[in-house]
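In: generate coordinates for the sequence data below:
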Amino acid sequence: MTTIAYRNGVMAADSFVIGDGVVYGNSIKITKNKNGDICGGSGTLCILERFQKWFQDGEMGDCPKLIGEDDASAQIIVVRVDGRIQEFSKNGVFTYEDTPYVVVGSGGDIALGAMHAGASSYDAVRAAMHHDTRTGGPIRTLRLGRD
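Out: Sure thing, here's the model as predicted:
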């Protein structure tokens, strides 16, 4: 899994790639589109990468399925420059209303608690790394909006 956290215009993500208790390396799990929207996700990487390509290409056509064989799935947060925060999952799309921060992933509960205590998105992922065995590697961040 992984940990994705968003607060105050910044999304942070760990980079671990693991499966069945084995660390395979690192990957980029957050991206930005040409509008300056950002997205990050946890779960099966090939499903996440399909979604990210669709997201970067302007979200043309239907949203990719977020569930694959053997119940493999991904859970994705999209933050729009207009302030909307959406969560995409195998069950559909949910739009958050009036929330200062959001998380997904195996370390999400830890990150959520850290942000409740005032942590930035980066520090929330760092807290998850200390307590969740499925969160690790370099932490990457992206800022909302065009560069």
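
In: could you find the closest non-adjacent residue to residue 100?
Out: Spatial nearest neighbour of residue 100, chain neighbours left out: residue 7 (6.6 Å); criterion: C-beta to C-beta, 6 or more residues apart in numbering. Yep, even glycine has a C-beta here, placed from its N, CA and C like the rest.

In: residues near the one you found, how many?
Out: Residue 7: 21 surrounding residues under other C-beta atoms under 10 Å.

In: backbone torsions only: list them for it.
Out: For residue 7, the backbone dihedrals (degrees, to the nearest 10) come out as phi -160, psi 140.

In: how close does it get to residue 50?
Out: Distance, residue 7 to residue 50, using C-beta to C-beta, to the nearest Å: 27 Å.

In: okay, and residue 74 sits in which element?
Out: For residue 74, the host element (DSSP states H and E) is strand 74-79.

In: what ranges do the strands span in the chain?
Out: For the chain, the strands defined by DSSP state E cover 3-7, 10-13, 16-19, 22-26, 30-32, 38-43, 74-79, 85-89, 92-96, 101-105, 140-143.

In: pull the CA atoms of the strand holding residue 74 into PDB?
Out: Taking C-alpha atoms only, strand 74-79 is exported to PDB below (Å, rounded to 0.1, in the frame of the first residue of the first chain):
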ATOM      1  CA  ALA A  74      -6.700   1.500  -6.200                       C
ATOM      2  CA  GLN A  75      -8.000   4.400  -4.200                       C
ATOM      3  CA  ILE A  76      -7.200   7.900  -5.500                       C
ATOM      4  CA  ILE A  77      -7.500  11.500  -4.300                       C
ATOM      5  CA  VAL A  78      -7.900  14.300  -6.800                       C
ATOM      6  CA  VAL A  79      -7.600  17.900  -5.700                       C
END
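
In: mean confidence score for it?
Out: For strand 74-79, the mean pLDDT works out to 96.

In: could you list every helix and strand in contact with it?
Out: With contacts taken as 3 or more C-beta pairs under 8 Å, 6 or more residues apart in numbering; DSSP states H and E, strand 74-79 sits against strand 3-7, strand 38-43, helix 45-56, strand 85-89, strand 101-105.
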